[in-house]
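Novice: Provided below are the primary sequence and the corresponding predicted coordinates.
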Amino acid sequence: EELACFQWIGITFLFFLHSLEDMTPEPLYFLQKPRGHESMEESWVSHCLSFSGRLYQVEYAMEAIGHAGTCLGILANDGVLLAAERRNIHKLLDEVFFSEKIYKLNEDMACSVAGITSDANVLTNELRLIAQRYLLQYQEPIPCEQLVTALCDIKQAYTQFGGKRPFGVSLLYIGWDKHYGFQLYQSDPSGNYGGWKATCIGNNSAAAVSMLKQDYKEGEMTLKSALALAIKVLNKTMDVSKLSAEKVEIATLTRENGKTVIRVLKQKEVEQLIKKHEEEEAKAEREKKEKEQKEKDK
């Protein structure tokens with residue numbers, strides 16, 4: 001009887017510990033089995049809703065994106081652009097073949113990523129495959145939103161597969177199709193997506209979105225003014241003392257002679273944009289000081 005009583009107490013205590021594991025976002029390591037011995041039930045624990053209705057693995061993926069390099073997109077009347085912070089800087093990297101943040105998907109779409117680069121490579125390859133399958137089947141380019149939706153279905157599925165983790169990547173998509181013209185979309189690790197006029201992901205994204213909301217002029221935005229705004233936002237939000245062309249990657253998507261043109265700006269072009277922004281900032285500062293001086297003289 002005493003042995004049975006101790007066994008009952010022990011079983012009750014183990015159930016209590018497992019219930020604590022479900023309630024806390026961090027795992028109880030002393031309850032974990034060695035690798036290769038996980039049961040089917042345990043493989044689902046990380047993808048079960050907590051008592052407060054949260055999916056912690058998705059939240060952790062969002063947190064990883066918050067520490068990634070800044071990426072922003074701006075929709076203009078005559079085109080759409082992506083601008084991204086490049087953190088992997090090395091003088092031996094070839095600018096022609098190397099693109100850290102911006103990927104071409106097909107003739108009408110490109111995307112920028114923030115998060116785990118290896119995850120991004122898998123997802124961009126999947127996007128290209130989906131686009132080419134559609135082209136082969138229907139003999140026309142895939143609509144932008146349909147491509148975004150197809151990938152988001154995959155990303156959402158990985159939030160509920162047992163023993164899997166969500167993709168730690170957010171993406172910005174730019175594109176053109178005959179249905180809606182120029183488009184800008186954003187998706188996150190949960191599989192959620194939305195269309196935007198201007199948005200930002202990655203480090204300091206909240207401050208960048210606030211600036212975009214303040215300076216974006218709907219209906220008046222040209223690609224030229226969008227480029228200037230992108231440089232302004234990156235200059236204010238990137239964690240660098242001085243903005244340089246090495247640390248910025250910009251791509252534009254326009255229409256010329258009935259065809260979509262996706263172009264990554266060269267380093268010299270980015271340098272010119274930064275130089276122009278610095279001159280405008282210096283001019284605005286001088287005018288501000290002159291105005292303050294006149295008010296003092298009065």
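Specialist: In hand now; what should we look at?

Novice: Roughly how far does the nearest residue to Gly194 once chain neighbours are set aside sit from Gln132?
Specialist: Leaving aside its sequence neighbours, Gly194 sits nearest to Gln186 (Cβ to Cβ, 6 or more residues apart in numbering; 6.0 Å). To be clear about C-beta, it is placed using only N, CA and C from the backbone, and glycine gets the same treatment. Separation of Gln186 from Gln132 (Cβ to Cβ, to the nearest Å) stands at 23 Å.

Novice: Is the residue nearest in space to the middle of the chain in a helix, a strand, or coil?
Specialist: Taking Cα atoms, centre = their mean, the centroid of the chain lies closest to Ser170, which sits 3.3 Å from it. For Ser170, the assignment made with DSSP: H, G, I helix; E, B strand; the rest coil gives strand.

Novice: Ile262 looks like it's in a helix, true?
Specialist: No - per three-state DSSP, Ile262 lies outside any helix segment and is strand.

Novice: What is the neighbour count of Glu140?
Specialist: 10 (other Cβ atoms under 10 Å).

Novice: Mind listing what's buried along the host helix or strand of Ile130?
Specialist: Here Ile130 sits within helix 117-138, counting by DSSP states H and E. Residues of helix 117-138 classed as buried by neighbour count (16 or more other Cβ atoms under 10 Å): 119-120, 123-124, 127-128, 130-131, 134.

Novice: contacting residues around the residue nearest to Gly194?
Specialist: 73, 170-173, 193-194, 196, 199, 201 (Cβ atoms under 8 Å, 6 or more residues apart in numbering).

Novice: tell me which element it is part of?
Specialist: Following DSSP H and E, one finds Gln186 within strand 181-187.

Novice: Could you check that strand and say which residues are buried?
Specialist: 182-187.

Novice: Tell me which strands that strand pairs with, and in which orientation.
Specialist: strand 169-177 (antiparallel), strand 193-195 (antiparallel) (DSSP bridges).

Novice: closest one to Lys288 among those?
Specialist: For the strands paired with strand 181-187, proximity to Lys288 was assessed by Cβ to Cβ; strand 169-177 is nearest, at 33.8 Å.

Novice: Please enumerate the strands of the stretch 1-150 of the chain.
Specialist: In the stretch 1-150 of the chain, the segments counted as strands under DSSP state E, counting those that start in this stretch are 71-76, 79-85, 102-106, 109-115.

Novice: before we move on, the earlier item: so for the residue nearest to the centre of the chain, what's the pLDDT?
Specialist: Ser170 carries a pLDDT value of 96.

Novice: how far away is it from Ser205?
Specialist: 9 Å.

Novice: how about the nearest residue to His67, chain neighbours excluded?
Specialist: Nearest to His67 is Asn203, by Cβ to Cβ, 6+ apart, at 6.4 Å.

Novice: residue contacts, that neighbour?
Specialist: Contacts of Asn203 by Cβ under 8 Å, 6+ apart are 66-70, 85, 237-239.

Novice: can you list those residues in a markdown table and add neighbour count?
Specialist: What follows is the contacts of Asn203, written out as a markdown table (neighbours: other Cβ atoms under 10 Å):
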| residue | neighbour count |
| --- | --- |
| Gly66 | 15 |
| His67 | 10 |
| Ala68 | 24 |
| Gly69 | 23 |
| Thr70 | 24 |
| Glu85 | 24 |
| Thr237 | 22 |
| Met238 | 21 |
| Asp239 | 10 |
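
Novice: Val261: which of those residues is nearest?
Specialist: Distances from Val261 to these, taken by Cβ to Cβ, are shortest for Glu85, at 24.1 Å.

Novice: bridging residues for the closest one?
Specialist: Bridge pairing for Glu85 (DSSP bridges) gives the partners Val248.

Novice: what's the spacing between it and Ile262?
Specialist: In terms of Cβ to Cβ, Glu85 sits 20 Å off from Ile262.

Novice: cool, Val240 as well?
Specialist: Taken as Cβ to Cβ, the span from Val240 to Ile262 is 27 Å.

Novice: Check Ala76 too.
Specialist: Ala76 is 15 Å from Ile262, by Cβ to Cβ.

Novice: Give me the more crowded residue out of these two.
Specialist: Ala76 (24 against 20).
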